[in-house]
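Asks: what shape does this take:
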Amino acid sequence: PFQSDCYAINDAKPLEQKTWEGAREDCIGKISDLAVVNNETEKSYISEKSWNIQGIKGYWIGLRVKGGNWKWVDGRNLTNSAWIPGSPTDGQ
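Replies: Sure, this is the predicted structure:
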């Protein structure tokens, strides 16, 4: 749905679910990275596809706090705070 993006759903059992770091390492090992969400349409697509799958309770995206600021894995600052329910804490 989005030009050159690739999304993967890894249906891990609860005890095998990855941390953000583990999920990113897994993506990098596949010559990829966690998703950088560029607009509301893409955000809706990811949310709908992941939450509508039986048993999926959440997902990782390429967004993280560094030095008190939200940053995407491609280095850009977060400009749309619709993803963020509260204030940032480093690493979460």
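Asks: contacts and neighbour counts: CA atoms only from here.
Replies: OK.
Asks: tell me where the chain has strands.
Replies: 63-66, 69-72 (DSSP state E).
Asks: among these, which is nearest Ile31?
Replies: When those are compared by CA to CA, strand 69-72 sits nearest Ile31, at 17.2 Å.
Asks: and that closest one, how far out from the chain middle?
Replies: Counting by CA atoms, centre = their mean, to the nearest Å, strand 69-72 is centred 12 Å from the centre of its parent chain.
Asks: any weak-confidence spans in the chain?
Replies: For the chain, the stretches with pLDDT under 70 are 1-6, 11, 50-57, 81-92.
Asks: top helix in this structure by residue count?
Replies: Longest helix in the chain by number of residues (criterion: DSSP state H): helix 40-51.
Asks: can I get the CA coordinates of it in CSV?
Replies: Once non-C-alpha atoms are left out, helix 40-51 reads as follows in CSV (Å, rounded to 0.1, in the frame of the first residue of the first chain):
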residue,chain,number,x,y,z
GLU,A,40,-2.0,9.3,9.2
THR,A,41,-2.9,7.0,6.3
GLU,A,42,0.1,4.8,7.0
LYS,A,43,-0.6,5.0,10.8
SER,A,44,-4.2,3.8,10.2
TYR,A,45,-3.0,1.0,7.9
ILE,A,46,-0.5,-0.3,10.5
SER,A,47,-3.0,-0.1,13.3
GLU,A,48,-5.8,-1.8,11.4
LYS,A,49,-3.7,-4.6,10.1
SER,A,50,-2.1,-5.4,13.5
TRP,A,51,-5.0,-4.9,15.9
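Asks: cool, thanks, signing off.
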